[in-house]
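> Sequence and predicted structure are below.
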Amino acid sequence: MVLDIDLLRPEKGGDPAKIRLNQEKRFKNVSLVDTVVEKDVLWRQLRHKADNWNKLKNLCSKEVGEKMKSLGRKKTDNNHVVQYPSFHLAFGDLTTDGGLCALDKYLVDRSYVEGYAPTKLDVELFEMVKSEPPRTHPHAQRWFRHIHSFGDGRKLFIQVRDSPCLAVLCPMPQHVYTLVIHRLATHRKESVSGEDSVPQSILDGLETLGSPELKALTVPQIKKVRSLIDDAIARNDASLSQTERERNSALREVGNHLHESVPVSNDEDENRVERTFGDCAQKKTYSHVDLIHMIDGVDAERGSAVSGGRGYYLMGPAVFLEHALIQFSLRKLFSKGYKPLYTPFFMKKEVMQEVAQLSQFDDELYKVIGKGSEKGEEKETEEKYLIATSEQPIAAFHRDEWIPEGSLPIRYAGLSTCFRQEVGSHGRDTRGIFRVHQFEKVEQFCLTSPHDNKSWEMMDEMIDNAEQFCQDLGIPYRVVNIVSGALNHAAAKKLDLEAWFPGSGSHLRAHFIHIVTYAAETWTLDKRETRKVEDMGMKFLRSMLALTRRDSIKCASAFRELVSCSNCLDYQARRLLVRYGQTKKMNTQTDYVHMLNATMCATTRVICALLEVNQTETGVKVPAALKSYLPTGEFTLCSSLISRLVSSPCAQVLSPDCECTLDTSASGSKSVTPRPLACRHLSLAICEWKRDPQFFKYQEEIPFVKPAPIDEAETKKQKKQKDGMKKGGGEQ
């Protein structure tokens, strides 16, 4: 996630002052903008130097090539190109003794002393021989050593115009022979024994070196200069990389452009309420912390023992509720054109860095280190991160792609398990399942065109989807516009949907009174002293709530966040390289798609809201929208139930859901026939069965099967402590 760097470059139309003002509105570090500008100026200077050094290096290579070419240039003058008679030789295989004998015989009368000179054909023959001939072939051995001694000078040998035949050590006129000797001598002087020391004036002006200065140098000197340039390039590249890292690190901490409608404040109590739905003033008896235990929907004690703090086992009706919420939300989004995605749980470190803030790596994400089995014998350690939301893998779904204009908008409904450390929430919501380390979530994620306010229209659609979801479930809520100081770097605007929790406003006081009551019983305080302790405790509690974070304050006011909807504009897409259009057009700036995300259903939180809103005296009423996803309430009989209720081989059993009877016989045949109310004792038995939670189907109401923890006189631990204190007092 990153801001467009051109917005900080005045020569590109950018205005650093606007970015500073934007940082001020976010109540973030303004000096980051100055750091980015400073590092970017230095980076561009180093980039210019890198281009200049590369040009100088290419210039050196060009000059070396020109000098070598001038030394070995072919002469077009007829005086320098000799037509020789053909020497058609059939040496055969030169790796055998017979072939070497033929070559040795051919070279008896051919030597430099006799006026012969080497040619390109000598090089071809030299490569065929491969190794030095033995002493038994002295002339071939002499010839091989001579050709070998020239080294790179072999490429300067004269080309003989005698294509189909092989001429070795050809006789040639004196002027041509002199030319060959001059070439070889000059090459030997420059490439072998030439001085490579570079004049100090050249070293001092290395960065401004030009072609005239290089032409005055020898080949070894130019090569020395090129070596110095290579060292300068290496040093410059190291500085360039370091500066780029520092610039990008600071740039990633600069927030996105704020939308004009965002309230500018650093106090979340000043979040602006946009609208409300339902009765947000009703009060209920129990909080979700108690209700989830009353329906036997969670085992937090065993969960914590197995997985640590905030661990839990979801059980019974809560499992059905979770799956019902997932199905309901997915189908609702599917009907609106959203494509379901079930995302990976892991992401590579380099990809997670492109979708998450630096602070998330410390406070939110779980790192997983393992050895990749897919690499065979290579067991390299690979860092991966568990996703905190399906937004992260979906954002990377189109990584490094071009999205055609006609394909937009793209709507995804992501389903995933989410994992969060919740480091910053120490001490908050430690009971219940509202804030846990692992939960299921359905997420809305959309990609739109960056033009014509398409992303802002999409944001309205996404928050409307979340509102309809809560309305269908009968959850009262309010939509709030989050203040600028509470936004993450990527969000240009964020709307939260906060559900009304009618039982959470009073549970803090109730829990405190319960503690004070137990203390009064333990310490044998009278009623007056107990009231004083309670009053002092409530004052302390109110002062602590004033100092705690927003979630705790909202707990006291009974509004809790269920949905977050954010428009990130092109902030995420820019770093992920999700570009707009088919390909980049000539002389145009690259555009990036806009990305938006919004919660549809975080299952554990929605369950908490449903429990509080729909609690009754006997249980929790199931919302009409979820009934079709829960186990049916139809009365069905199995053989085990029949054997429990019917003692005779043939009996009539009343169905409480319809006025009919189920006839059974010894032969095992069954038939359903209409009839009026029958055996009252069987009806009572069936009603008793209907109240049995083992067979209850949860369609209308989820019954309470356990007392509320808050209503229990004392826990086992408290009782043990109390008995221990009494025992200790008795011994004294």
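Looks like it arrived, so ask away. This one's a predicted model, so the numbers in the text were calculated from it and none came from an experiment.
> can you list the weak-confidence ranges in the stretch 401-550 of the chain?
Filtered on pLDDT under 70, the stretch 401-550 of the chain yields the residue ranges 423-430, 505-550.
> cutoff 90 now
Counting by pLDDT under 90, the stretch 401-550 of the chain shows low-confidence ranges at 420-432, 435, 503-550.
> And the helices in it?
In the stretch 401-550 of the chain, the helices defined using DSSP state H, counting those that start in this stretch lie at 454-473, 507-523, 527-547, 550-557.
> do the stretch 1-150 of the chain as well
Along the stretch 1-150 of the chain, the segments classed as helices by DSSP H, counting those that start in this stretch run 16-26, 31-71, 97-106, 120-129, 138-149.
> thought P134 was touching Q141?
Yes: counting by CB atoms under 8 Å, Q141 is a contact partner of P134 at 7.2 Å. Heads up, the C-betas are built off the backbone N, CA and C, glycines and all.
> Which one's more surrounded, these two?
Between P134 and Q141, Q141 has the larger neighbour count (other CB atoms under 10 Å), namely 17 against 11.
> Please tell me how far F27 sits from N256.
14 Å (CB to CB, to the nearest Å).
> More neighbours: the two, which one.
N256 (24 against 17).
> Sticking with that one, tell me its helix or strand.
Using DSSP states H and E, N256 sits within no helix or strand.
> What of the one 4 residues further on?
If you go by DSSP H and E, E260 is not part of any helix or strand.
> Find the residue closest to Q444 in space, skipping its chain neighbours.
A598 (4.3 Å; CB to CB, 6 or more residues apart in numbering).
> That neighbour contacts V563, correct?
Yes: using CB under 8 Å, A598 is in contact with V563, at 6.5 Å.
> Find residues that contact each of those two.
Residues touching both A598 and V563 (CB atoms under 8 Å, 6 or more residues apart in numbering): I463, A466.
> What's the mean pLDDT across stretch 146-157?
For stretch 146-157, mean pLDDT is 78.
> Name the residues of it that come out as buried.
Within stretch 146-157, the residues scored as buried using 16 or more other CB atoms under 10 Å are I147, F150, G153, R154, L156, F157.
> again with stretch 323-337
Result for stretch 323-337 [16+ other CB under 10 Å]: buried residues A324, L325, I326, F328, S329, L330, K332, L333.
> Tell me which two in those residues are the farthest apart.
Greatest spacing in those, by CB to CB: A324 and L333 (15.2 Å).
> So which of the helices of the stretch 1-150 of the chain is nearest G297?
Checking the helices of the stretch 1-150 of the chain against G297 by CB to CB gives helix 16-26 as the closest, at 40.3 Å.
> Return the alpha-carbon coordinates of the closest one using CSV.
Below are the C-alpha coordinates for helix 16-26, written out as CSV (Å, rounded to 0.1, in the frame of the first residue of the first chain):
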residue,chain,number,x,y,z
PRO,A,16,4.0,18.4,-0.8
ALA,A,17,2.1,21.0,1.2
LYS,A,18,-1.2,19.3,0.5
ILE,A,19,0.2,16.0,1.7
ARG,A,20,1.5,17.6,4.8
LEU,A,21,-1.9,19.0,5.5
ASN,A,22,-3.5,15.6,4.9
GLN,A,23,-1.1,14.1,7.5
GLU,A,24,-2.0,16.8,9.9
LYS,A,25,-5.7,16.0,9.5
ARG,A,26,-4.9,12.4,10.2
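> Hey, what's the angle from it to helix 31-71? Just curious.
140 degrees (axes from the mean of the first three to the mean of the last three CA atoms, to 10 degrees).
> can you list contacts of helix 16-26?
3, 7-8, 10, 29-30, 32-34, 37, 254-255, 257-258, 262, 264, 484-485, 487.
> Same question for it: list its buried residues.
Of the residues in helix 16-26, P16, I19, R20, N22, Q23, K25, R26 count as buried by neighbour count, 16+ other CB under 10 Å.
> Adding pLDDT, write these out as a markdown table.
Shown next, in a markdown table, are these (pLDDT from 0 to 100):
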| residue | pLDDT |
| --- | --- |
| P16 | 94 |
| I19 | 94 |
| R20 | 95 |
| N22 | 94 |
| Q23 | 94 |
| K25 | 95 |
| R26 | 94 |
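> Tell me, how many residues neighbour V30?
15.
> per-residue pLDDT, it?
In this model, V30 is scored at 94, pLDDT.
> what's the spacing between the closest residue to it other than its chain neighbours and A625?
Closest residue to V30 apart from its sequence neighbours, by CB to CB, 6+ apart: Q23 at 4.7 Å. Plainly put, Q23 is 44 Å away from A625 if you go by CB to CB.
> before we move on, what about V64?
80 Å.
> neighbour count winner among these two?
The residue with more neighbours, out of V64 and A625, is V64; 19 against 16, by other CB under 10 Å.
> Report the contact partners of that one.
Residues in contact with V64 (CB under 8 Å, 6+ apart) are V219, I222, K223, R226.
> Contact partners for the residue lying closest to L100 once chain neighbours are set aside?
The shortest distance from L100 to any non-neighbouring residue, by CB to CB, 6+ apart, is to H137 (4.8 Å). Contact analysis of H137 by CB under 8 Å, 6+ apart lists L100, C101, L103, D104.
> Local confidence estimate at the first one?
L100 carries a pLDDT value of 82.
> ok, back up a step: now the residue nearest to V30: how far from S484?
According to CB to CB, Q23 and S484 sit 10 Å apart.
> N256 too?
With CB to CB as the criterion, N256 and S484 are 11 Å apart.
> repeat for E612
Counting by CB to CB, the gap from E612 to S484 is 31 Å.
> Between those two, point out the one with more neighbours.
E612 (29 against 22).
> part of a strand, is that one?
No: counting by DSSP: H, G, I helix; E, B strand; the rest coil, one finds E612 to be helix, located in no strand.
> and the closest residue in space to it that isn't next to it in sequence, what does it touch?
Here the nearest residue to E612 in space, its sequence neighbours aside, is G503; by CB to CB, 6+ apart that works out to 4.2 Å. By CB under 8 Å, 6+ apart, the contact set of G503 is K283, K284, T285, Y286, S287, H288, D290, L291, A558, E612, Q615.
> Could you do H437 as well?
Here H437 is in contact with S307, G309, R310, G311, F419, R420, Q421, E422 (CB under 8 Å, 6+ apart).
> I'd assumed V368 was in contact with the fifth one.
No: at 9.6 Å, F419 and V368 do not qualify as touching, with contact defined as CB under 8 Å.
> Thanks a lot, see you next time.
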